[in-house]
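> dropping the sequence and predicted coords here.
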Amino acid sequence: MPQPIPLPRLVPVPPADPPYDEQPRTTGSLALAPQPVRDRRPLAIGASGSIPDERRLRGLGQALAEILAGRRPPETIQDRMSERTYTELIRAGKMIETPRAPMVGVPHVQSPRPGAVEMCLLVHCGPRSRALAIRLEKFGAQWLITDFETA
(Lines give C-alpha, C1' and ligand atoms only; values in the text may rest on other atoms or scores of the structure.)
Protein backbone atom coordinates (compact mmCIF):
# COMPACT_ATOMS: atom_id res chain seq x y z
CA MET A 1 0.00 0.00 0.00
CA PRO A 2 1.44 3.45 -0.96
CA GLN A 3 2.43 5.74 1.87
CA PRO A 4 1.34 9.41 1.88
CA ILE A 5 4.05 11.89 0.95
CA PRO A 6 4.95 14.19 3.83
CA LEU A 7 4.35 17.83 2.96
CA PRO A 8 6.87 20.50 3.92
CA ARG A 9 5.92 22.63 6.89
CA LEU A 10 5.59 26.35 6.43
CA VAL A 11 7.81 28.32 8.75
CA PRO A 12 7.56 32.04 9.43
CA VAL A 13 9.97 34.06 7.30
CA PRO A 14 12.07 36.68 9.11
CA PRO A 15 12.05 40.25 7.77
CA ALA A 16 14.22 40.73 4.69
CA ASP A 17 16.49 43.30 6.30
CA PRO A 18 17.31 43.45 10.01
CA PRO A 19 16.66 46.80 11.69
CA TYR A 20 19.56 49.22 11.77
CA ASP A 21 21.47 49.26 15.07
CA GLU A 22 22.26 52.90 14.51
CA GLN A 23 21.08 55.27 11.85
CA PRO A 24 23.68 55.86 9.12
CA ARG A 25 24.88 59.44 8.81
CA THR A 26 23.30 60.80 5.66
CA THR A 27 22.95 64.54 6.12
CA GLY A 28 24.64 66.34 3.26
CA SER A 29 26.44 63.27 1.93
CA LEU A 30 23.83 61.53 -0.22
CA ALA A 31 21.62 62.39 -3.14
CA LEU A 32 18.50 63.24 -1.14
CA ALA A 33 19.73 64.52 2.21
CA PRO A 34 16.95 64.48 4.82
CA GLN A 35 14.97 67.70 4.88
CA PRO A 36 12.42 68.97 7.37
CA VAL A 37 8.90 68.00 6.30
CA ARG A 38 7.85 71.63 5.79
CA ASP A 39 10.71 72.12 3.29
CA ARG A 40 9.81 69.10 1.11
CA ARG A 41 8.95 70.11 -2.40
CA PRO A 42 6.95 67.88 -4.71
CA LEU A 43 9.00 66.10 -7.34
CA ALA A 44 7.83 68.45 -10.08
CA ILE A 45 9.21 71.66 -11.53
CA GLY A 46 7.52 73.71 -14.19
CA ALA A 47 3.98 73.88 -15.46
CA SER A 48 1.28 71.61 -14.11
CA GLY A 49 1.53 68.22 -15.82
CA SER A 50 5.19 68.56 -16.74
CA ILE A 51 7.56 65.69 -16.01
CA PRO A 52 10.26 66.14 -13.34
CA ASP A 53 13.58 67.52 -14.51
CA GLU A 54 16.50 65.19 -15.22
CA ARG A 55 18.58 66.37 -12.24
CA ARG A 56 15.86 65.52 -9.73
CA LEU A 57 15.15 62.17 -11.41
CA ARG A 58 18.85 61.32 -11.25
CA GLY A 59 18.93 62.24 -7.54
CA LEU A 60 15.95 59.99 -6.88
CA GLY A 61 17.61 57.14 -8.80
CA GLN A 62 20.84 57.69 -6.83
CA ALA A 63 18.96 57.49 -3.54
CA LEU A 64 17.18 54.28 -4.59
CA ALA A 65 20.49 52.73 -5.70
CA GLU A 66 22.03 53.60 -2.32
CA ILE A 67 19.11 51.94 -0.53
CA LEU A 68 19.41 48.80 -2.68
CA ALA A 69 23.13 48.72 -1.86
CA GLY A 70 22.43 48.94 1.88
CA ARG A 71 24.09 52.35 2.29
CA ARG A 72 20.96 54.37 3.10
CA PRO A 73 17.85 53.63 5.18
CA PRO A 74 14.71 53.21 3.05
CA GLU A 75 12.73 55.69 5.16
CA THR A 76 14.53 58.57 3.43
CA ILE A 77 12.43 58.20 0.26
CA GLN A 78 9.29 56.68 1.74
CA ASP A 79 7.26 59.82 0.95
CA ARG A 80 8.29 59.53 -2.72
CA MET A 81 6.98 55.96 -3.12
CA SER A 82 3.57 54.35 -3.26
CA GLU A 83 2.72 52.18 -0.25
CA ARG A 84 2.93 48.95 -2.27
CA THR A 85 6.30 49.87 -3.76
CA TYR A 86 7.72 50.85 -0.37
CA THR A 87 6.64 47.45 1.00
CA GLU A 88 8.40 45.75 -1.93
CA LEU A 89 11.53 47.79 -1.26
CA ILE A 90 11.59 46.74 2.40
CA ARG A 91 11.00 43.11 1.43
CA ALA A 92 13.75 43.21 -1.24
CA GLY A 93 16.45 44.35 1.19
CA LYS A 94 20.01 44.63 -0.12
CA MET A 95 20.07 43.72 -3.81
CA ILE A 96 23.24 45.42 -5.06
CA GLU A 97 26.59 44.11 -3.85
CA THR A 98 29.24 46.80 -4.11
CA PRO A 99 32.54 47.54 -2.32
CA ARG A 100 31.95 51.30 -2.64
CA ALA A 101 29.04 53.69 -2.89
CA PRO A 102 27.05 53.23 -6.12
CA MET A 103 26.98 56.06 -8.67
CA VAL A 104 24.20 56.41 -11.24
CA GLY A 105 24.62 57.66 -14.76
CA VAL A 106 22.39 59.95 -16.79
CA PRO A 107 18.76 58.74 -16.75
CA HIS A 108 17.10 57.68 -19.99
CA VAL A 109 13.56 59.03 -19.57
CA GLN A 110 10.41 58.33 -21.53
CA SER A 111 6.75 59.08 -20.97
CA PRO A 112 4.54 56.21 -22.19
CA ARG A 113 1.37 58.18 -21.37
CA PRO A 114 0.44 61.44 -19.67
CA GLY A 115 0.97 61.16 -15.92
CA ALA A 116 3.56 58.37 -16.15
CA VAL A 117 7.34 58.47 -16.51
CA GLU A 118 9.72 55.55 -16.92
CA MET A 119 13.47 55.88 -16.57
CA CYS A 120 16.44 53.59 -16.79
CA LEU A 121 19.78 54.30 -15.10
CA LEU A 122 23.14 52.60 -15.25
CA VAL A 123 24.45 52.04 -11.70
CA HIS A 124 28.24 51.96 -11.47
CA CYS A 125 29.19 49.83 -8.47
CA GLY A 126 32.74 48.63 -8.83
CA PRO A 127 33.83 46.08 -11.43
CA ARG A 128 30.25 45.28 -12.44
CA SER A 129 27.58 47.80 -13.40
CA ARG A 130 23.86 47.18 -12.98
CA ALA A 131 20.69 48.58 -14.52
CA LEU A 132 17.94 50.20 -12.49
CA ALA A 133 14.50 50.83 -13.98
CA ILE A 134 12.01 53.09 -12.19
CA ARG A 135 8.41 53.97 -13.01
CA LEU A 136 6.82 57.12 -11.59
CA GLU A 137 3.18 58.14 -11.75
CA LYS A 138 1.60 61.45 -10.95
CA PHE A 139 -0.73 61.60 -7.95
CA GLY A 140 -2.12 65.11 -7.54
CA ALA A 141 0.88 67.44 -7.71
CA GLN A 142 3.50 64.86 -6.73
CA TRP A 143 5.25 62.10 -8.66
CA LEU A 144 5.56 58.78 -6.80
CA ILE A 145 7.62 55.68 -7.58
CA THR A 146 5.12 52.94 -8.39
CA ASP A 147 7.56 50.24 -9.55
CA PHE A 148 11.30 49.53 -9.70
CA GLU A 149 13.51 46.74 -10.96
CA THR A 150 17.24 46.07 -10.99
CA ALA A 151 19.38 43.60 -12.88
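Received it, and whenever you're ready, just let me know what you need. These figures come from a predicted structure and were not determined experimentally.
> quick one: contacts of stretch 108-122?
49, 51-52, 54, 57-58, 61, 65, 104-107, 129-138, 143 (Cβ atoms under 8 Å, 6 or more residues apart in numbering). (C-beta placed from N, C-alpha, C; glycine too.)
> can you flag the buried ones in those?
Buried members of these, counted by 16 or more other Cβ atoms under 10 Å: 51-52, 57-58, 61, 65, 104, 107, 130, 132, 134-138, 143.
> let's verify residue 2: helix, strand, or coil?
coil (DSSP: H, G, I helix; E, B strand; the rest coil).
> against residue 68, how distant is residue 79?
18 Å (Cβ to Cβ, to the nearest Å).
> err, residue 90, not the other one
Residue 90 is 12 Å from residue 68, by Cβ to Cβ.
> all strands of the chain, in order?
103-104, 108-113, 116-125, 128-139, 142-150 (DSSP state E).
> what lies in contact with the shortest one?
Applying Cβ under 8 Å, 6+ apart, the set of residues contacting strand 103-104 from outside is 58, 61, 62, 65, 121, 122, 123, 124, 125, 132.
> so the last one makes contact with residue 63?
No - because the distance of 11.0 Å does not satisfy Cβ atoms under 8 Å, residue 132 is recorded as not touching residue 63.
> show me the shaky parts of the chain.
7-49 (pLDDT under 70).
> mind naming the longest helix for it?
helix 54-68 (DSSP state H).
> let me see the contact set for the residue most central in space within the chain.
Nearest to the mean C-alpha position of the chain, by Cα atoms, centre = their mean, lies residue 64 at 3.4 Å. The contact partners of residue 64, by Cβ under 8 Å, 6+ apart, come to 77, 89, 132, 134, 145, 148.
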